[in-house]
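Peer 1: My questions are about this predicted structure, shown below with the sequence.
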Amino acid sequence: MADGSVDFRREARDRAYGTPLEALNPAQPELFVHDSWGPTFERLRAEAPVHYTAESDYGPFWSVTRYNDIMAVDTNHHVFSSEDGITLQSLESKAEMAKRPQRQSFISMDPPRHDEQRKTVSPVVAPANLARMAPIIRERAGIILDCLPIGTEFDWVDLVSKELTAMTLATLFDFPFDQRRRLTHWSDMMTNAPGHGPVKSWDHKRAELDECFAAFRELWNERVDAEPKFDLISMLAHGEATRNMDVNTFNGNLGLLIIGGNDTTRNTISGSVFALNRHPAQYDKLRADPSLIPSMVSETIRWQTPLAHMRRTATQDFEFGGKAIKKDDLVVMWYVSGNRDDTVIANPNDYVIDRERPRTHLSFGFGIHRCVGNRLAELQLTIIWEEILKRFPTIELAGEPTRTHSVFVKGYETLPVVIPRRN
């Protein structure tokens, strides 16, 4: 590999097992950039499934790395609260955020506020609305795929993964369709630190997000005095629990919905092409039996794990896994590790599209914060693959992907592919 990832993975394994256990730090973006995160979590699951990292770029935190322990944390919001945020933030980012008003979304709330605000937007992803959206998504997927170049290398992330999710997200917001890629851009601005993705500096990030929030404030102002419609902004503007929320809470919810509607689906669409190419026998199996698409979708969501972690804050002193967690300690649930726990998932490092229980995974979370749009993500992935198999015998990798520099978003910046010409 031209990017040296093989050597980095080998070195990462040596470091994971050569570092004193108490000094292990899984929160290193480089491990995810080089797809070399596995050995660190493998060792933590085996030797310290509840582990304390005293020093990191994110400050001190606890890591929970086994499947059942993660479920226990995720379903206990009384002890493990979301109120102080749901991701690891670098010390630099915390210092920057301290300069501005905090944007709190419903995923960063505990009941009852969480339940009230989540309930406001959940109808947009209810089964009846998904049934209405399915033919629209299918038509758009077909248009995207029919416009792809044949026999020429292109970036799958840009032309397919970003495009389909941007189209769907624009529909959910009733955002100007010809400006849909602004949503993708703003999502990347929110999730990246300066020097990565499109973010040039903290000033650049602030300016771009101010532009984002101003655009959506205009939509709010248009819809708050209009008849209620079935889009997310209208739902928030007219919802009993959200219509009087302050601007920072609106901006927080907006950021959550943009990121949530973008990253999981986008990176799993890319991850499915990558995984099937890395496991050609599974690709053959899928082509031979397209009825496996729903199972393949769930397996890809597990195998990819598009969001590597979620964080909670302890509300009290609490013993967990034999460790004494103190009030206000940060507790990180590493979904990416739980999805590789071989005590729950057989041969978890393998990509197997016809697993007996393919939906046994942590990628959507559990408990009150389980991903509200999980069925929409599965729907988009199912439809795009149904349409792919109608058109293309194969999609081939043309080089190594570039991966997101993050300990939160586990995704792809680029994925070079070629659709071979038919003889």
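Peer 2: Structure's in. What do you need? Small disclaimer: the values here were computed from a predicted structure and weren't measured.

Peer 1: Could you give me the buried positions within stretch 64-75?
Peer 2: 64-67, 69-74 (16 or more other C-beta atoms under 10 Å). For the C-beta atoms, the positions are set from N, CA and C on the backbone; glycine is no exception.

Peer 1: can you check stretch 270-290 too?
Peer 2: Within stretch 270-290, judged by 16+ other C-beta under 10 Å, the buried ones are 270-277, 279, 282-283, 285-286.

Peer 1: any chance of the residues you listed in a markdown table, with secondary structure too?
Peer 2: Shown next, in a markdown table, are the buried residues of stretch 270-290 (DSSP: H, G, I helix; E, B strand; the rest coil):
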| residue | secondary structure |
| --- | --- |
| Ser270 | helix |
| Gly271 | helix |
| Ser272 | helix |
| Val273 | helix |
| Phe274 | helix |
| Ala275 | helix |
| Leu276 | helix |
| Asn277 | helix |
| His279 | coil |
| Gln282 | helix |
| Tyr283 | helix |
| Lys285 | helix |
| Leu286 | helix |
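
Peer 1: If it's not too much trouble, I'd like those exported to CSV so that distance to Met189 and pLDDT sit alongside each entry.
Peer 2: CSV is the format used below for the buried residues of stretch 270-290 (distance: C-beta to C-beta, whole Å; pLDDT from 0 to 100):
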residue, distance to Met189, pLDDT
Ser270, 19, 97
Gly271, 22, 97
Ser272, 26, 98
Val273, 25, 98
Phe274, 25, 98
Ala275, 28, 98
Leu276, 31, 98
Asn277, 30, 98
His279, 34, 97
Gln282, 35, 98
Tyr283, 35, 98
Lys285, 39, 98
Leu286, 35, 98
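
Peer 1: pLDDT wise, what is Asn423 at?
Peer 2: pLDDT for Asn423: 69.

Peer 1: And for Ile293?
Peer 2: For Ile293, pLDDT reads 98.

Peer 1: can you check Ser122 too?
Peer 2: pLDDT, Ser122: 74.

Peer 1: give me the number of residues near it?
Peer 2: 13 (other C-beta atoms under 10 Å).

Peer 1: Please tell me how far stretch 294-305 is from the chain's geometric centre.
Peer 2: Put simply, stretch 294-305 sits 13 Å off its chain's centre (C-alpha atoms, centre = their mean, to the nearest Å).

Peer 1: before we move on, back to that, which one among the buried residues of stretch 270-290 gets closest to His369?
Peer 2: Gly271 (22.3 Å; C-beta to C-beta).

Peer 1: Please report how far the closest one lies from Thr305.
Peer 2: Gly271 sits 9 Å away from Thr305, taking C-beta to C-beta, to the nearest Å as the criterion.

Peer 1: Find the least confident helix or strand in the chain, judged by mean pLDDT.
Peer 2: None of the helices or strands of the chain scores lower by mean pLDDT, DSSP states H and E than helix 113-121, at a mean of 68.

Peer 1: can you give me the strands in the stretch 51-200 of the chain?
Peer 2: Ranges of strands in the stretch 51-200 of the chain, per DSSP state E, counting those that start in this stretch, are 61-64, 80-81, 154-155.

Peer 1: closest one to Glu319 among these?
Peer 2: Using C-beta to C-beta, the strands of the stretch 51-200 of the chain put strand 61-64 closest to Glu319, at 12.2 Å.

Peer 1: So for the closest one, mean pLDDT?
Peer 2: In the prediction, strand 61-64 has an average pLDDT of 98.

Peer 1: circling back to that earlier point, want to throw the buried residues of stretch 64-75 into TSV with distance to Leu256?
Peer 2: What follows is these, written out as TSV (distance: C-beta to C-beta, whole Å):
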residue	distance to Leu256
Val64	23
Thr65	25
Arg66	27
Tyr67	25
Asp69	25
Ile70	21
Met71	22
Ala72	24
Val73	20
Asp74	17
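
Peer 1: So which of those are in helices?
Peer 2: 67, 69-74 (DSSP state H).

Peer 1: Please tabulate those in CSV, including the columns pLDDT and distance to Met310.
Peer 2: Listed next are these as CSV, based on pLDDT from 0 to 100; distance: C-beta to C-beta, whole Å:
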residue, pLDDT, distance to Met310
Tyr67, 98, 14
Asp69, 98, 13
Ile70, 98, 9
Met71, 97, 12
Ala72, 97, 14
Val73, 97, 9
Asp74, 94, 7
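
Peer 1: Looking at these, which is nearest Leu292?
Peer 2: Tyr67 (24.0 Å).

Peer 1: quick one: Ile293 and Glu386 touch, right?
Peer 2: Yes - with contact defined as C-beta atoms under 8 Å, Ile293 counts as touching Glu386 (6.0 Å).

Peer 1: still on that earlier bit, tell me which of the strands of the stretch 51-200 of the chain sits most buried.
Peer 2: Ranked by mean neighbour count, the strands of the stretch 51-200 of the chain are led by strand 61-64 with a mean of 24 (mean count of other C-beta atoms under 10 Å).

Peer 1: From the buried residues of stretch 64-75, pick the one nearest Arg43.
Peer 2: The closest of the buried residues of stretch 64-75, once distances to Arg43 are taken by C-beta to C-beta, is Thr65, at 9.3 Å.

Peer 1: what's the distance between the closest one and Ile368?
Peer 2: Taking C-beta to C-beta, one finds Thr65 at 22 Å from Ile368.

Peer 1: Likewise for Glu319?
Peer 2: 23 Å.
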